[in-house]
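>>> Mind folding the following:
(chains A and B)
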Amino acid sequence: MTGIPEFVGRFRSLTVLVLDNLRADRDPYSVSFEWITGVLQQLSSPILELVFEVTVTEYSQLDAIPWAFIDRIVHPENPQFKALARVRVLVKRGGSLKVRPLIYTDVVCSEVAWRLPVLNLLGLLRCNTAGC
Amino acid sequence: MSVGPDQFARLRNAADLAHAIRQFCDHGRLPAPSVHTTLRGALGENYYVPSLSPFSLVNDIVTHVKLLNVTFGHPNDIWSFLSSFPRLQYLELEGVGFNNSAGSRSPLEGVFNGIAISTIRMTTASMGFVIDSLIEAAGSLSYLEDFGIAYQDIRQGVLPRLADSIQTRVKCLRFTADCYPGPERHNEWRPPAFDMGE
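Sure thing, here's the model as predicted:
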């Protein structure tokens, strides 16, 4: 898909970027989140808060998100993140009401912190869960 | 069903809402316009706007409107409907349809003057008429700070214009994209049910 980073980059007054509805619980062969890398590179204003809202039914699905790249580029040394105050990761539990996967807040937040070691070390990372 | 102002704000079903509004009216208990009441998610799924005539009784207190597969008679009707809520702050569009798209469209310049809409969220980029309208009416969306859209592989020529028309005001962008791993999988993409204005 073309045009996504350019679209987001046109918003030159942004202070908060929320990447929501990241449905990592879907078939990994039918969905990709690589566009996130382009969006983060093309941001044209200093972001204060960056939010990822990810839906999973099991911890391993977190791997669908390019965390390693995020941990590298979302750093105060980069101009678009020089004013960054926090990175919030909100993990939502997917699945139907009948099939309720076991997702524990402590575990999922540890998994997120493990995937974002630099942001965690910088004290910028906040993790929350919803429906867990 | 007895509904007080607090519960009134929590109603999520349009039929319940219409019933509650009628109850308020029947008993002379309609909240005063000064009451800050939110009708979050008040418009139910698959509603046709004329059936929402009870809304005319609460226009002054509605601050949040969500349109979820709501059908209007004509494209002109959506903005005249929304501009009848002078306190509207939050607008969520999850699907709008029209019975008849033929005929001339009213100019939108200034349609939102005096209405402090601060948040617009679109759960799809497929509502072509809505996007065109937002570009046209951008000048009167002076309070817009929070904008959300689900980016799709459609109308790529128009979405940059939309961004340019509101980019100086928007401080918070809520964004996602429906994206597939490789070009060969693009064939699997299915357009959403509501694909208006293309």
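
>>> How about the contacts made by the residue positioned nearest the centre of chain A?
For chain A, A:F52 is the residue whose C-alpha lies nearest the centre (CA atoms, centre = their mean; 3.3 Å). A:F52 makes contact with A:19, A:22, A:65, A:70, A:87-90 under the criterion CB atoms under 8 Å, 6 or more residues apart in numbering or on different chains. The C-beta positions use only the backbone N, C-alpha and C, and glycine is treated the same way.

>>> Off-centre distance for the helix or strand encompassing it?
For A:F52, the host element (DSSP states H and E) is strand A:49-56. When C-alpha coordinates are averaged (CA atoms, centre = their mean, to the nearest Å), strand A:49-56 and its chain have centres 4 Å apart.

>>> Alpha carbons of it, as CSV, please.
The C-alpha coordinates for strand A:49-56 follow below in CSV (Å, rounded to 0.1, in the frame of the first residue of the first chain):
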residue,chain,number,x,y,z
GLU,A,49,2.8,11.1,22.8
LEU,A,50,2.8,8.0,20.7
VAL,A,51,0.1,5.3,21.3
PHE,A,52,-0.2,1.8,20.0
GLU,A,53,-3.5,0.0,20.5
VAL,A,54,-2.9,-3.7,19.7
THR,A,55,-5.4,-6.5,19.8
VAL,A,56,-4.2,-10.0,20.5
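
>>> In the sheet, which strands lie alongside it, parallel or antiparallel?
In the sheet, strand A:49-56 lines up against strand A:16-23 (parallel), strand A:86-93 (parallel) (DSSP bridges).

>>> For the first one, which outside residues touch it?
The set of residues that contact strand A:16-23 without belonging to it, under CB under 8 Å, 6+ apart, is A:8, A:31, A:33, A:36, A:39, A:43, A:47-55, A:65, A:94, B:148, B:150, B:171-176.

>>> Which of the strands paired with strand A:49-56 sits closest to B:D77?
strand A:16-23 (29.0 Å; CB to CB).

>>> pull the CA atoms of that closest one into CSV?
Extracted in CSV, the C-alpha atoms of strand A:16-23 (Å, rounded to 0.1, in the frame of the first residue of the first chain):
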residue,chain,number,x,y,z
VAL,A,16,-0.3,12.9,19.6
LEU,A,17,-0.3,10.0,17.2
VAL,A,18,-2.5,7.0,18.0
LEU,A,19,-2.1,3.9,15.9
ASP,A,20,-5.2,2.1,16.7
ASN,A,21,-7.0,-1.0,15.8
LEU,A,22,-3.8,-2.9,15.2
ARG,A,23,-5.5,-6.3,14.9
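
>>> Distance from the chain centre to the very next helix or strand once past it, please.
Next along the chain after strand A:16-23, taking DSSP H and E as the criterion, comes helix A:35-42. Distance, stretch centre to chain centre, for helix A:35-42: 11 Å (CA atoms, centre = their mean).

>>> for A:T15, what are its contacts?
A:45-49, A:83, B:171-172.

>>> A:V56 against A:V91, yeah?
Yes - checked against CB atoms under 8 Å, the pair A:V56 and A:V91 is within contact range at 6.3 Å.

>>> what residues are shared contacts of those two?
Contacts common to A:V56 and A:V91, judged by CB under 8 Å, 6+ apart, are A:62, A:103, A:108.

>>> and the gap between the closest residue to the last one other than its chain neighbours and chain B?
The one in question is A:V108. Spatial nearest neighbour of A:V108, excluding adjacent residues (CB to CB, 6 or more residues apart in numbering or on different chains): A:V91 at 4.9 Å. As defined by CB to the nearest CB, to the nearest Å, A:V91 lies at a distance of 15 Å from chain B.

>>> Look up which residues are beta-bridged to A:V91.
Beta-bridge pairing for A:V91 (DSSP bridges): A:V54, A:T129.
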